[in-house]
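1. here is a sequence together with a model predicted from it:
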Amino acid sequence: MVKQDAIHCSFCGVEKSAQVPLISGNEGRICEACVKLAHQVVTSWGHTQKTSALTPQLRTPEAIKKHLDDYVIGQEQAKETLAIAVYNHYLRLMNTRRETLEESDSNIELDKSNVLMVGPSGTGKTLIVRSLAKILGVPFVSADATSLTQAGYVGDDVDSIIHRLLDAAEGDVNQAQWGIVYIDEIDKIARRGGGTTSVRDVSGEGVQQALLKLVEGTEQKVSKSGRRRENSEEVIVDTRNILFIVGGAFPGLEELICNRVKPRDTSIGFHSRTENAKPDVNELLENLLPDDLQGFGLIPEFIGRFPITTFLQELDVEALLKILTEPRNALVKQFRQLFAYQGKTLEMTDDALTFIAEEAVSRNTGARGLRSVLEAALHKTMFEMPSLQGLRGCVLDVTTEEPRALVVRNLFDDLDADAEVPPALESSASL
């Protein structure tokens, strides 16, 4: 029972002593234990408010993949893997409290699972991650590993990634701590081969070492002004809950996998085996192991921070044809809209679309090559179109004579759409 004349905590009633100091207020006092308990309660309120804002946007993995299908053609396995990874990541955040009110709540702590994507250039790595961030409504930033260097050298250090994420969250630290960071061209910071040179590898293994703590989880001091100055205001961003996704083309990785899966036959004579055809790249990537990434030049500690690995398949003509026309932001739809802004129509024949896809495959640039081919084909038309009187639309087709090339046929108001167009109204593009 609390004594009437003794000074005690207004919450728990503990008496003031040399071991139990009290903080006095206007009409009461509080002990250290109650201060900690109150902090836990208030923290849980903030956690509940934050999770409630995100909960309506967290969809099932199946719904996430369906959303990705609207923007990304093919790559079914990669989309499923990322949908599961993102769903489990934010499910963990919404059901984990950094400080819990009961000891039993913290018996099981779920670790973060970052993702590493392997795939040729132009297969949709950046588009998939950007679409994921859009459906979740969380801050997203994309960085290029080739621009990163160790702190103190010319270039961007790894701290700049977190500053950009904070900018994407409009300065809201809590939102930034739930964001997604995508680092592209991660294969470009692979450890360089041996040699006698003593030059410091400031953009290779050094960057991998600098990223370790950031990816695993640390409290990072970030200047709001973007540069560390003597009087600049700094905030602390905890990266433990930031989802890191890295991707790269990893040229030559398929050879490492091939040598492991199908070792070369060094025997000669009658007992030697004839060399089979070169295995398909997509089949080789299905056999990807962490040892292959280490052989490529990533350090084991860096590989261990990315327990989820997925690959994107090389795009063929059939896949590129679908990319041209089917996604919500398909390239053909974009150019038609651009023409519609000027009151003109744009049609593309099936032969033209096939030619564009084949040209992109021959350039080995993936989906990115599609825009380059279209821009070159429509370059002269887009230059002249605003000045042409009576032009109602254009048709993109392919010439029948060799060498084949894309040709634009202009349609005017005084000409029948099905009539033969005079040569003066045609413009071709050499690719």
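-> Sure thing, it's come through. None of the values given here were measured: they were computed from a predicted structure.
2. how about the helices in the stretch 1-150 of the chain?
-> For the stretch 1-150 of the chain, the helices defined by DSSP state H, counting those that start in this stretch cover 32-54, 61-69, 76-94, 125-136.
3. what pLDDT does the closest residue to S142 other than its chain neighbours get?
-> For S142, ignoring the flanking residues on the chain, the nearest one in space by CB to CB, 6 or more residues apart in numbering is Y182 at 4.7 Å. For the C-beta atoms, the positions are set from N, CA and C on the backbone; glycine is no exception. What the model reports as pLDDT for Y182 is 93.
4. Y182 contacts L243, correct?
-> No - taking contacts as CB atoms under 8 Å, Y182 lies outside contact range of L243: 9.2 Å.
5. show me what contacts Q337?
-> Q337 makes no contacts at all, as judged by CB atoms under 8 Å, 6 or more residues apart in numbering.
6. which of the residues in the helix or strand hosting it are buried?
-> Here Q337 sits within helix 331-340, counting by DSSP states H and E. Buried residues in helix 331-340, counted by 16 or more other CB atoms under 10 Å: L331, V332, F335, R336, F339.
7. tabulate those (a markdown table), appending distance to F306 and pLDDT.
-> Output for these, formatted as a markdown table (distance: CB to CB, whole Å; pLDDT from 0 to 100):
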| residue | distance to F306 | pLDDT |
| --- | --- | --- |
| L331 | 31 | 92 |
| V332 | 36 | 94 |
| F335 | 37 | 95 |
| R336 | 40 | 95 |
| F339 | 43 | 95 |
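8. wait, which of those is closest to I189?
-> Taking CB to CB as the measure, I189 lies nearest L331 of these, at 31.0 Å.
9. before we move on, back to that, and of the buried residues of helix 331-340, the nearest to A367?
-> Nearest member of the buried residues of helix 331-340 to A367, counting by CB to CB, is L331, at 8.4 Å.
10. would you mind measuring from L211 to A63?
-> 32 Å (CB to CB, to the nearest Å).
11. the more surrounded of these two?
-> L211 (22 against 13; other CB atoms under 10 Å).
12. give the contact list for the more buried one.
-> Contacts of L211 (CB under 8 Å, 6+ apart): L148, V158, I183, F302, R305.
13. what about those residues, which are in strands?
-> Mapping the contacts of L211 onto strands (DSSP state E) picks out I183.
14. just the strands in the stretch 251-400 of the chain please.
-> 308-311, 345-348, 391-398 (DSSP state E, counting those that start in this stretch).
15. ok, and what's touching the first one?
-> It stands for strand 308-311. Residues contacting strand 308-311 (CB under 8 Å, 6+ apart): 77-78, 81-82, 85, 113-119, 282, 285-286, 288, 290, 293.
16. repeat that for the longest one.
-> Contact partners of strand 391-398, identified using CB under 8 Å, 6+ apart, comprise 339, 344-349, 351-352, 355, 377-378, 381, 385, 404-413.
17. now the next helix-or-strand element following it and strand 391-398, what's the angle there?
-> Next along the chain after strand 391-398, taking DSSP H and E as the criterion, comes strand 406-412. Angle of strand 406-412 versus strand 391-398, following axes from the mean of the first three to the mean of the last three CA atoms, to 10 degrees, is 160 degrees.
18. now do E286: how many residues are near it, please.
-> When neighbours are counted by other CB under 10 Å, E286 comes out with 13.
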